[in-house]
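Visitor: Have a look at this fold, sequence not included:
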């Protein structure tokens, strides 16, 4: 059975290019698809393979980087999460753009029960550190959205909106926890007295909390072809626009602006006719490949979310 495995760890990696070559070979040998990011600051990945092959990958990753948290989840019925496997070396495993960030001074990790208490505390500012297109399909009660297109915009939002002399308590969350490692460290560096972060992110919360006790609204965006997951980490109901990568509800799919593989209500006004024709040709090639029983990987997508698809896996 093919499953999804997500992981990250901030650790000094002295030779990321060498490690990348080793991981690329290992993943190909074990028929893995997905993406692993490496940088001097650590490792971050979301991969798909048969359970037995993923367990072998876990062993190899722990041998290289030590113990880390692994998040397992199920694929949809198609059994496809990614089309290929790639290990990339980047300046950061999650792009933030703040030099000399002390990742030893992150926020206090809290579990689901404590998190629900923080949501009800009027003195706590709860911040969803994710991007707007992720927040659009679901967030927590009382959470504030920074309305960012990418995570690199978050530090400036903090500077403009969080006054540590007035806001002494801040609680933050993201998809799987990795962005909060940097966001909470930055918030502490910014001078906020008490900083909290949801341990394991939304994914851990959805796994731990029964739906009838949940404070989550709607679903959680994920960076693979499942698009969204709900409680129990089962695949959600959202799909994704191939042009801009924005998640789409059932209502969005019925909108006049939606054309499969070409545009949606969120990007229809910004996609040029030339781009529409390119997307239509891509869809034609996809249909031809399907008729031949082949998989058509296609070209890179434009749009704000596609860049984040590689950078922000958790």
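Guide: Arrived safely, thanks for sending. These figures come from a predicted structure and were not determined experimentally. Numbers count the residues shown, from 1 in each chain.

Visitor: Spell out the residue ranges of the strands in the protein.
Guide: Secondary structure of the chain, counting by DSSP state E: strands at 2-10, 33-39, 42-50, 70-74, 85-89, 108-110, 124-128, 169-173, 194-198, 220-221, 228-229, 239-240, 247-248.

Visitor: what does the third one rub up against?
Guide: With contacts defined as Cβ atoms under 8 Å, 6 or more residues apart in numbering, strand 42-50 is touched by 1-13, 19, 27, 30-37, 54, 57, 61, 65, 68, 75, 80-82, 85, 93-94, 178, 223-224, 313-314. C-betas here are computed from N, CA, C, even on glycine.

Visitor: Just the buried subset of those, please.
Guide: Of all these considered here, the ones buried according to neighbour count by 16 or more other Cβ atoms under 10 Å are 2-10, 13, 19, 27, 30, 32-37, 54, 57, 61, 65, 75, 81-82, 85, 93-94, 178, 223-224, 313-314.

Visitor: Which parts of stretch 88-104 count as buried, going by neighbours?
Guide: 88, 89, 90, 92, 93, 94, 95, 96, 101.

Visitor: ok, what's across the strand from residue 195?
Guide: With DSSP bridges as the criterion, the beta-bridge partners of residue 195 are residue 170.

Visitor: Tell me, how many residues neighbour it?
Guide: Residue neighbour count, defined by other Cβ atoms under 10 Å, stands at 23 for residue 195.

Visitor: Over to residue 171?
Guide: Residues near residue 171, counting by other Cβ under 10 Å, number 28.

Visitor: right, and it touches residue 115 too?
Guide: Yes. Using Cβ atoms under 8 Å, residue 171 makes contact with residue 115 at a distance of 7.4 Å.

Visitor: where do the contact lists of the two overlap?
Guide: Common neighbours of residue 171 and residue 115, counting by Cβ under 8 Å, 6+ apart, are 196, 198.

Visitor: what's the pLDDT at residue 247?
Guide: According to the predicted model, the pLDDT of residue 247 comes to 89.

Visitor: Can you tell me, leaving aside adjacent residues, what's nearest to it?
Guide: With Cβ to Cβ, 6 or more residues apart in numbering as the measure, residue 238 is the residue that lies nearest to residue 247, at 4.3 Å, once sequence neighbours are left out.

Visitor: what do you get for residue 12?
Guide: Setting aside the residues directly before and after it, residue 12 is nearest to residue 40 in space (Cβ to Cβ, 6+ apart), at 6.8 Å.

Visitor: Against residue 181, how distant is the one you found?
Guide: Using Cβ to Cβ, to the nearest Å, we find residue 40 at a distance of 15 Å from residue 181.

Visitor: Could you do residue 29 as well?
Guide: Going from residue 29 to residue 181 by Cβ to Cβ gives 30 Å.

Visitor: quick one: which of these two has more around it?
Guide: Between residue 29 and residue 181, counted using other Cβ under 10 Å, the more crowded position is residue 181 (25 against 11).

Visitor: Could you pull up the residues touching that one?
Guide: 10, 94, 103, 106, 197.

Visitor: Look at the last one and say how many residues are nearby.
Guide: It refers to residue 197. Under the criterion other Cβ under 10 Å, the count of neighbours that residue 197 has is 27.

Visitor: just to revisit the earlier point, any chance of the buried residues of stretch 88-104 in TSV with pLDDT and distance to residue 281 as columns?
Guide: What follows is those, written out as TSV (pLDDT from 0 to 100; distance: Cβ to Cβ, whole Å):
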residue	pLDDT	distance to residue 281
88	97	28
89	97	32
90	96	31
92	96	35
93	96	35
94	94	34
95	94	31
96	96	37
101	93	43
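
Visitor: List just the nearest of those to residue 266.
Guide: For residue 266, the nearest member of the buried residues of stretch 88-104 is residue 95. The distance, counting by Cβ to Cβ, is 22.3 Å.
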